[in-house]
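Chemist: Attaching a predicted model along with its sequence, questions to come.
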There are 2 protein chains.
Amino acid sequence: MPTLRLALCQVNPTVGDLTGNAGLVRAWTRRAADSGAQLVLFPEMMLTGYPVEDLVFRRSFVAASQAALGRLAADLAADGLGELPVVVGYLDADGPPQISADAEPGRGTRNAAAVLHRGEVVATYFKHHLPNYGVFDEDRYFVPGDMLTVVRLGGVDVALTICEDLWQAGGPFAAARRAGVGLVVNINGSPYELNKDDLRLPVVRRRAAEAGATIAYVNMIGGQDELVFEGDSMIVAADGTVLTRAPQFVTHLLVHDVDLPTVDEVTPDPGTGAGGDGEQIAEGLRVVRRTLDGIPPSPTGPAAVGGVIEPVADEAEVWQALVLGLRDYVEKNRFPSVVLGLSGGIDSAVAAAIAVDALGGDRVIGVSMPSQHSSEHSRSDAADLAKRTGLDYRVEPIQPMVDTFLANLSLSGVAVENLQARVRGVILMALSNQEGPLVLTTGNKSELAVGYSTLYGDSVGGFNPIKDVWKTLVWRLAKWRNTEASRLGLTPPIPENSIGKPPSAELSPGQLDSDSLPDYDVLDPILIGYIDGDLGRDGLITSGHDPAVVDKVLRLVDTAEYKRRQSAPGTKISMKAFGRDRRLPITNRWREDG
Amino acid sequence: MPTLRLALCQVNPTVGDLTGNAGLVRAWTRRAADSGAQLVLFPEMMLTGYPVEDLVFRRSFVAASQAALGRLAADLAADGLGELPVVVGYLDADGPPQISADAEPGRGTRNAAAVLHRGEVVATYFKHHLPNYGVFDEDRYFVPGDMLTVVRLGGVDVALTICEDLWQAGGPFAAARRAGVGLVVNINGSPYELNKDDLRLPVVRRRAAEAGATIAYVNMIGGQDELVFEGDSMIVAADGTVLTRAPQFVTHLLVHDVDLPTVDEVTPDPGTGAGGDGEQIAEGLRVVRRTLDGIPPSPTGPAAVGGVIEPVADEAEVWQALVLGLRDYVEKNRFPSVVLGLSGGIDSAVAAAIAVDALGGDRVIGVSMPSQHSSEHSRSDAADLAKRTGLDYRVEPIQPMVDTFLANLSLSGVAVENLQARVRGVILMALSNQEGPLVLTTGNKSELAVGYSTLYGDSVGGFNPIKDVWKTLVWRLAKWRNTEASRLGLTPPIPENSIGKPPSAELSPGQLDSDSLPDYDVLDPILIGYIDGDLGRDGLITSGHDPAVVDKVLRLVDTAEYKRRQSAPGTKISMKAFGRDRRLPITNRWREDG
């Protein structure tokens, strides 16, 4: 039984940065070679980043990806790395884009994987199962592949698959069993989702059993607009044993020796077998075979053991996702720093703590913007937060500007309340224009769901770190982060007072969130049932919620769509979040309560 | 040869208003019956409105649509209209939503048509070709139908089809020829697009030839968020003759007598023929046949002639689309009025004229908000516009507020420029909160494309009537609208001075758009090539544009995505517009110029 040393490169590509991403492949292939690897794996769409969305429709972009792939193969050889086979995801096309007038049936743009060896592209594979739900639109972008690519190296047959191929039964994994392979490679751009790591391993195990083969699963890390990728790369044996598993949310080179059956030790199903290239059909897929010469059947030197890192618990996982999502949005868009308003409340405190963890205190500007309705504690709690986190703290009272507006316009009630939030928005945007920081907005998901915010006021900003975090989870995160700091002997970043006090917008005297909304302990379970659970009004009432409260909440959610349409992006931690993955009409007369 | 009197109901449904839409069906069926119609046709998704987007995933909504259909059939019978067959689009499902855990292969939610007769749903059809490009995501929402529904009435076989079925070759139209029918009904929710009427008729003719049958094409009118539907319903004979054609952008009852072959006069292809229900297969589709009794083979009384209205010319068509799109956004969302800033420039003048045409001058508030940089003509031109259109004119100088901000913050350069635009945004939103009008924003498509606007400043608003209108088209529309008024002996709404003067943001002394951007005569053709024509950098240069200008423009467009993500919706007149139909990453390092 041969042993292959696999190197899974859990890296962080940037969408559109073909040169930078190719540079990552070269650098990490060097590291893998130094570890004695015999096969190197990079994530889905490594060369282009993922998801590239409508960039797919630009022929110049497709051509640039194809050219970059050929150049990368040559560069690896020039680097002296040509003998080491490298699997890399990229954007390919074998016809005009499927939306164009000259489109050809069954051809078009492809979510592709290539094997690079000795300066050449020696094998390609096109993703077969295309996800088209939630945040995914791959039926819009890609034509599904109809082949199973099997590469023989070091005496082992290795099948290539991409991401969604793993999540659906049948297709390439079933075909791999029929064709008879020792290893299935699965390269991923699989976005983080609360508790997805609990789902991922069982799916990998199911597919390992289906293929009757070991699976090498490699996923990218990093933030891309609202998505964040967590890594969690792993190798799982055909019997379901986790051989090695990488940590989440960090770049990682996972190198591990895997014993794999030779081609003679694998029994293909009758009728497929190790026949001629392109002539067999397994599970409706054309089997394409390639053989790479010169790969020894075993690595040299001491055995490589990747180790098994267990995924972290909920709050830790969410926190890391939010920190990474914000950091990459700032870094990849080349902002020097961020600025946010500090109200002394829990939302801005948690957002600030995330920003400081992501960028360091010296790249975070926090602005206290008190009004006549601001309590003393709203200023002192903001100052306390600044001291704990070391952020750049400023105070800009808003009353002079508010008073000038009030002197020139006849305003009352909610118009006056919103005016204060909007003056704060103008101040933050002015600071952004003057000094360059990205403005962070800090509305939590519960607020956004029911529209409890001021359009062009507290919703002003280019990115919202907690856009997808329910209010009750905001509190849990704050407590977890403080506890974690205490455990490590560090200063807890979030003032206890910000965690403990009742939430208030402080836009009118004595105002509390609870004047307008149910308590968050009541509100959040209804929202979670409605949004995450797809429970309708009847389902919510059946699960024990007060019908009057349900009706009130659902009506708020259904009518707040126009506000959500004009809000900043923010890291998703749930594929049931608002935004691109949930597409509701603004003009809509339908209400759950009739 | 029997004659059928067809009634094509070109109506304006509202998304989610199941009760209101069913009411429309009842009222218009009454009108059709009064005209002696023998078959009544309503648009695609008539009962639910279109597009309903992710409402499809709410089981309660699907159930409500199904229940509404049954109730409508009963109500029509109770109205004494039961003998008249009615074709109506609705949302159906024959399984759980395809995104749910209990989804079943080949079953799920359906874009459906029903025939209602004698109080019952007597036939259904599920849309076969699902569009999944541009603004369409129907692969996300629906499972394609695999049947051809043929209803025999008055001696004629009538096949049912829905919208996209018409735009793709093969499928139901080819199956209709194989099955042998006299008439194909095609019900539509087909959004307006510049010059689409020029495309539509040739496609209808091609399909009529393919089916060897007359086609009755019925389309809705009305605005739905960014989409506007134009009607343009028609009946086209098998030989391509336009028998009747309805006007665009207005509700219309198109009643026309059509001579159609009997079932004996149509020769089905061998192997299909008029066999048993559900047992034949034509073009891969199961043929389902139903027969309606009691429909006479000819109408009574004088012949009904619908007439042929030719589509209107470009500027007239766009103007009507923008007026209808805005009116329906305001009315269907129940806003009492609209408010917009009047700068004296062309964009706000055209937006105001559209608003006055849509709602009347008494429901349009125009606010002049001069600063120290505002020229005298910016005030006088705004006042002139107000006088010409009869809108509610107000003046709110911004200098006191701007000065207070400047006294409290240290700002310079672009931060001061943007401050003025943001103070204006605060004033408009305050008026909206105080008095209830919807704020209109008035950035044209050229500005939005290159990011020449102030985020949370002039981009503040709930709807943008000219979001999809290139600057050069804004000027053409202004001239057309004024000429049209003069032709009719009315006051031209737009001051000549607003049309003639060089564009300026007036945010710093002597500022002109041309300081920052190429002339619009140069800019717009590049933008149109890049956005509408999908030309890349090389294609633009090959077509004769200056490479340096191309590079500058493309870089502006590619980096303005974050601004477009936070802008108000606006009526689309091009399916190549930004927004939901063009999905670009914000974080994206790829540039056309490398």
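Modeler: Thanks, I have the structure now.
Chemist: Pull up the gap between A:Ala238 and A:Pro261, please.
Modeler: According to C-beta to C-beta, to the nearest Å, A:Ala238 stands 9 Å off from A:Pro261. C-beta coordinates here come from the backbone N, C-alpha and C atoms, glycine included.
Chemist: Please state the backbone phi and psi of the residue of the stretch 1-150 of chain A found nearest chain B?
Modeler: Closest to chain B within the stretch 1-150 of chain A is A:Gly16: 2.8 Å, counting by C-beta to the nearest C-beta. Phi and psi for A:Gly16, reported as degrees, to the nearest 10, are phi 90, psi -10.
Chemist: can you pull out the strands in the stretch 351-500 of chain A?
Modeler: A:364-368, A:392-395, A:438-439 (DSSP state E, counting those that start in this stretch).
Chemist: For these, could you give me JSON lines that also reports mean neighbour count and distance to chain B?
Modeler: Formatted as JSON lines, the strands of the stretch 351-500 of chain A follow (neighbours: other C-beta atoms under 10 Å in any protein chain shown; distance: least, C-beta to the nearest C-beta, whole Å):
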{"stretch": "strand A:364-368", "mean neighbour count": "24", "distance to chain B": "11"}
{"stretch": "strand A:392-395", "mean neighbour count": "16", "distance to chain B": "10"}
{"stretch": "strand A:438-439", "mean neighbour count": "24", "distance to chain B": "9"}
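Chemist: want to throw these into a markdown table with mean pLDDT?
Modeler: A markdown table is the format used below for the strands of the stretch 351-500 of chain A (pLDDT from 0 to 100):
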| stretch | mean pLDDT |
| --- | --- |
| strand A:364-368 | 98 |
| strand A:392-395 | 98 |
| strand A:438-439 | 97 |
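Chemist: Just send the ones you listed back as JSON lines, with distance to B:Phe42 too.
Modeler: Formatted as JSON lines, the strands of the stretch 351-500 of chain A follow (distance: least, C-beta to C-beta, whole Å):
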{"stretch": "strand A:364-368", "distance to B:Phe42": "56"}
{"stretch": "strand A:392-395", "distance to B:Phe42": "60"}
{"stretch": "strand A:438-439", "distance to B:Phe42": "48"}
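Chemist: I'd like to know which of these lies nearest to A:Met147.
Modeler: Each of those has some distance to A:Met147 by C-beta to C-beta; the shortest is strand A:438-439, at 44.0 Å.
Chemist: In the sheet, which strands lie alongside that closest one, parallel or antiparallel?
Modeler: strand A:338-341 (parallel) (DSSP bridges).
Chemist: can you give me how far the partner strand is from the chain middle?
Modeler: 23 Å (C-alpha atoms, centre = their mean, to the nearest Å).
Chemist: contacting residues around that strand?
Modeler: Applying C-beta atoms under 8 Å, 6 or more residues apart in numbering or on different chains, the external contacts of strand A:338-341 come out as A:326, A:330, A:348, A:351-352, A:355, A:359, A:363-369, A:424, A:428, A:431-432, A:435, A:437-442, A:458, A:461, A:463.
Chemist: pLDDT on that strand, on average?
Modeler: Strand A:338-341 carries an average pLDDT of 98.
Chemist: Output it as CSV - backbone C-alpha positions only.
Modeler: Output of strand A:338-341 as CSV, limited to C-alpha atoms (Å, rounded to 0.1, in the frame of the first residue of the first chain):
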residue,chain,number,x,y,z
VAL,A,338,-12.1,52.2,10.8
VAL,A,339,-14.3,54.7,12.7
LEU,A,340,-17.5,54.0,14.6
GLY,A,341,-19.8,55.8,17.0
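Chemist: Just list the residues touching the nearest residue to A:Tyr133 once chain neighbours are set aside, thanks.
Modeler: In this structure, A:Tyr133 finds its nearest non-sequential neighbour in B:Ile99, 4.7 Å apart by C-beta to C-beta, 6 or more residues apart in numbering or on different chains. Counting by C-beta under 8 Å, 6+ apart, B:Ile99 makes contact with A:133-134, B:57.
Chemist: Helix or strand: which one has B:Ile99?
Modeler: According to DSSP states H and E, B:Ile99 maps onto no helix or strand at all.
Chemist: For it, give its distance to A:Gly366.
Modeler: 41 Å.
Chemist: To what extent is the nearest residue to A:Leu292 once chain neighbours are set aside buried, counted in neighbours?
Modeler: Once flanking residues are discounted, A:Leu292 sits nearest to A:Leu153: 4.3 Å by C-beta to C-beta, 6+ apart. Using other C-beta atoms under 10 Å in any protein chain shown, A:Leu153 is surrounded by 24 other residues.
Chemist: partners of A:Leu153 in the sheet?
Modeler: Going by DSSP bridges, A:Leu153 forms beta bridges with A:Val156.
Chemist: all helices of the stretch 401-550 of chain A, in order?
Modeler: Taking DSSP state H, counting those that start in this stretch, the helices of the stretch 401-550 of chain A run over residues A:414-435, A:445-450, A:471-487, A:496-500, A:513-516, A:520-527, A:537-542, A:547-559.
Chemist: Sticking with the spatially most central residue of chain A, tell me its helix or strand.
Modeler: Residue closest to the average C-alpha location in chain A (C-alpha atoms, centre = their mean): A:Val228, at 2.0 Å. Assessed by DSSP H and E, A:Val228 sits inside strand A:227-230.
Chemist: Check whether that strand comes near chain B.
Modeler: No - contact of strand A:227-230 with chain B is not found when judged by C-beta under 8 Å from any C-beta of the partner chain; the minimum separation is 9.7 Å.
Chemist: So which bits of that strand are buried?
Modeler: For strand A:227-230, a neighbour-count test (16 or more other C-beta atoms under 10 Å in any protein chain shown) marks A:227-230 as buried.
Chemist: and the stretch 51-200 of chain A, which of its residues are near chain B?
Modeler: Going by C-beta under 8 Å from any C-beta, the residues of the stretch 51-200 of chain A near chain B are A:51-55, A:57-61, A:64, A:98-100, A:132-134, A:137, A:139-140.
Chemist: Give me the buried entries from the contacts of strand A:338-341.
Modeler: A:326, A:330, A:348, A:351-352, A:355, A:359, A:363-369, A:424, A:428, A:431-432, A:437-442, A:458, A:461, A:463.
Chemist: one step back: need the mean per-residue confidence for the helix or strand just after the strand holding A:Val228.
Modeler: Moving toward the C-terminus from strand A:227-230, the next helix or strand (DSSP H and E) is strand A:234-236. Averaging pLDDT along strand A:234-236 gives 98.
Chemist: Which residue ranges make up each domain of chain A?
Modeler: A:3-291, A:314-510 (automatic domain parsing).
Chemist: What is the end-to-end distance of the shortest one?
Modeler: Think domain A:314-510. The first residue of domain A:314-510 is 35 Å away from its last residue (C-alpha to C-alpha, to the nearest Å).
Chemist: for stretch A:486-497, same thing?
Modeler: 16 Å.
Chemist: from the chain's centre, how far out does that stretch sit?
Modeler: Worked out by C-alpha atoms, centre = their mean, stretch A:486-497 lies 28 Å from the chain centre.
Chemist: now swap in stretch A:181-195 and tell me
Modeler: In terms of C-alpha atoms, centre = their mean, the centre of stretch A:181-195 is found 13 Å from the chain centre.
Chemist: Buried residues, it. List them.
Modeler: In stretch A:181-195, counting by 16+ other C-beta under 10 Å, buried: A:181-194.
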